[in-house]
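Trainee: The sequence isn't on hand, but the structure is:
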């Protein structure tokens with residue numbers, strides 16, 4: 001039995017999996033392989049906002065409908081940007097998910113924070129976009145922004161250092 005997955009089928013499948021307790025999912029057809037694995041633990045705590053890591057083996061899938069860019073196709077894994085070593089008096093703010101880092105709410109708008117700004121608990125410091133969802137990342141403490149380590153519009157990995165702050 002041949003199985004065809006169009007873009008809508010794939011979206012529905014990913015949505016179902018992302019709202020379930022499924023941690024790993026593998027679907028193979030004659031000309032494709034879809035594998036979804038999720039990291040459910042962050043330093044021993046369950047993450048509320050789960051984002052599946054999606055890879056699709058795309059040798060013959062081109063004969064089916066094209067899957068749009070919000071599904072990352074299997075390539076050589078990109079080496080994540082590694083933050084330079086930090087000072088011991090600074091606190092690192094890390095990415096809680098895989099996504100795209102944005103410093104402002106929209107193109108042309110002022111960034112949420114700049115180096116030297118003082119931030120308060122609950123203040124939005126950046127946006128991470130994952131699967132077309134905009135996730136506002138809020139500060140967990142009162143602090144001064146000392147370094148912003150990621151360029152606007154850059155893909156980030158789970159746990160990647162985004163900023164360094166000096167807590168007040």
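Mentor: Now that the structure is in, tell me what you want to look at. Small disclaimer: the values here were computed from a predicted structure and weren't measured. Residues are numbered from 1 along each chain as shown.
Trainee: hmm, who's touching stretch 106-114?
Mentor: The contact list for stretch 106-114, computed with Cβ atoms under 8 Å, 6 or more residues apart in numbering, reads 103-105, 119, 123-127, 145, 148, 152, 163. For every residue, glycine as well, the C-beta is placed using N, CA and C.
Trainee: What is the burial count for residue 100?
Mentor: 15 (other Cβ atoms under 10 Å).
Trainee: in the sheet, who's paired with it?
Mentor: Beta-bridge pairing for residue 100 (DSSP bridges): residue 129, residue 155.
Trainee: can you list the domains in the protein?
Mentor: 7-63, 91-167 (automatic domain parsing).
Trainee: Out of those domains, name the one with the poorest average pLDDT.
Mentor: Of all the domains of the chain, mean pLDDT reaches its minimum on domain 7-63 (a mean of 63).
Trainee: Does residue 128 touch residue 101 like I think?
Mentor: Yes. Contact criterion Cβ atoms under 8 Å: residue 128 and residue 101 qualify, at 6.2 Å.
Trainee: which residues do these two both contact?
Mentor: Contacts common to residue 128 and residue 101, judged by Cβ under 8 Å, 6+ apart, are 95, 156.
Trainee: Can you flag which of the contacts of stretch 106-114 belong to strands?
Mentor: Among the contacts of stretch 106-114, the members falling in strands (DSSP state E) are 119, 124, 125, 126, 127, 145, 148, 163.
Trainee: So which residues of the chain form strands?
Mentor: Using DSSP E, strands in the chain cover 24-28, 33-37, 41-42, 45-46, 53-57, 91-94, 99-102, 118-119, 124-130, 133-138, 143-148, 154-156, 161-167.
Trainee: So what touches the first one?
Mentor: By Cβ under 8 Å, 6+ apart, the list of residues contacting strand 24-28 from outside reads 13, 17, 33, 34, 35, 36, 37, 38.
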